[in-house]
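Asks: Sequence first, predicted coordinates after that:
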Amino acid sequence: MPLIPINTVPESLAGGGPNIITQGLAGIGLLPPEWGVFSQDGAPVLSFDTVLAFDYRRDWNVADYPVERGAFESYDKVQTPFTTRLTLATGGSFAARQYFLETLQAIEDDLNLYDVVTPEVTYTRANIVHVDYRRADAKYGTIVVNVFLQEIRETVTERVGTSAQEPSGSATQNSGQVQTSNLSDGEKKIIADAFNQPSFAGVDNT
């Protein structure tokens with residue numbers, strides 16, 4: 001059975017990015033493999049003719065500390081965000097190539113998160129960090145584009161505080177050291193009078 005051209009697949013199957021139906025059809029050879037850059041809701045954001053290459057890279061940083069006699073020992077390993085590169089080719093009419101480059105320029109400046117989809121693995125939550133392209137030939141106008149995407153990790157910062165509506169309802173919080181000072185004799189007399197106690201002007205409060 002010949003393969004079904006991607007542009008003749010019903011929109012309910014091929015549209016909306018990768019799903020279990022299109023992945024299943026691709027797996028049994030009825031659809032071309034799924035490739036591309038998709039939005040978080042599964043819509044393709046770039047239209048191209050073919051994928052020439054795909055690269056994936058992830059690094060880990062290993063922290064070391066010195067021990068005796070000039071040796072080092074490792075104590076931690078931190079995973080860094082992944083980076084992918086898609087090498088895409090597109091040709092066709094002048095208008096099609098122009099639309100492709102305009103679309104690429106529009107999404108390379110945004111802060112949206114995208115999914116990088118390959119036949120085997122989908123890499124989620126990435127943003128474009130680098131783009132370069134070249135004209136592969138002058139006669140047919142084929143454009144070859146390298147699109148680099150890097151994983152974006154979001155962290156949640158927890159605020160420690162109080163939910164009291166009025167300042168009087170909040171508990172006292174320790175904000176650091178408090179500087180004390182000695183009371184003058186006059187201040188001591190005022191405090192003693194307020195509590196109806198004999199003056200303690202001669203008492204050192206330190």
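Replies: That came in fine, so what should we check first?

Asks: Tell me where the model's unsure across the protein.
Replies: In the prediction, the chain carries residues with pLDDT under 70 at positions 1-33, 156-183, 190-191, 194-206.

Asks: List the neighbouring strands of the strand ranked longest in the chain plus their orientation.
Replies: Using DSSP state E to assign secondary structure, the strand with the most residues in the chain is strand 122-135. Each strand paired with strand 122-135, and its direction, by DSSP bridges: strand 114-117 (antiparallel), strand 143-151 (antiparallel).

Asks: Tell me where the chain has helices.
Replies: If DSSP state H is used as the criterion, the helices of the chain fall at 11-14, 20-27, 94-108, 185-194.

Asks: Glu102 is in contact with Leu46, correct?
Replies: No. Counting by Cβ atoms under 8 Å, Leu46 stays clear of Glu102, with 11.2 Å between them. The C-beta positions use only the backbone N, C-alpha and C, and glycine is treated the same way.

Asks: And those two? Which one has more around it.
Replies: In terms of neighbours (other Cβ atoms under 10 Å), Leu46 is the more surrounded of Leu46 and Glu102; the figures are 17 against 9.

Asks: Contact partners for the nearest residue to the more buried one once chain neighbours are set aside?
Replies: Spatial nearest neighbour of Leu46, excluding adjacent residues (Cβ to Cβ, 6 or more residues apart in numbering): Val37 at 5.2 Å. Neighbour list for Val37: 44-46, 86, 107, 114-117, 147, 149 [criterion: Cβ atoms under 8 Å, 6 or more residues apart in numbering].

Asks: If we only consider those, which is nearest to Thr124?
Replies: Within those, distances to Thr124 taken as Cβ to Cβ reach their minimum at Asp115, with 4.9 Å.

Asks: which ones are touching the residue nearest to Ser39 when sequence neighbours are not counted?
Replies: In space, and not counting its chain neighbours, Ser39 is closest to Val45: 5.6 Å by Cβ to Cβ, 6+ apart. For Val45, the residues meeting the contact criterion (Cβ under 8 Å, 6+ apart) are 36-39, 103, 107, 114.
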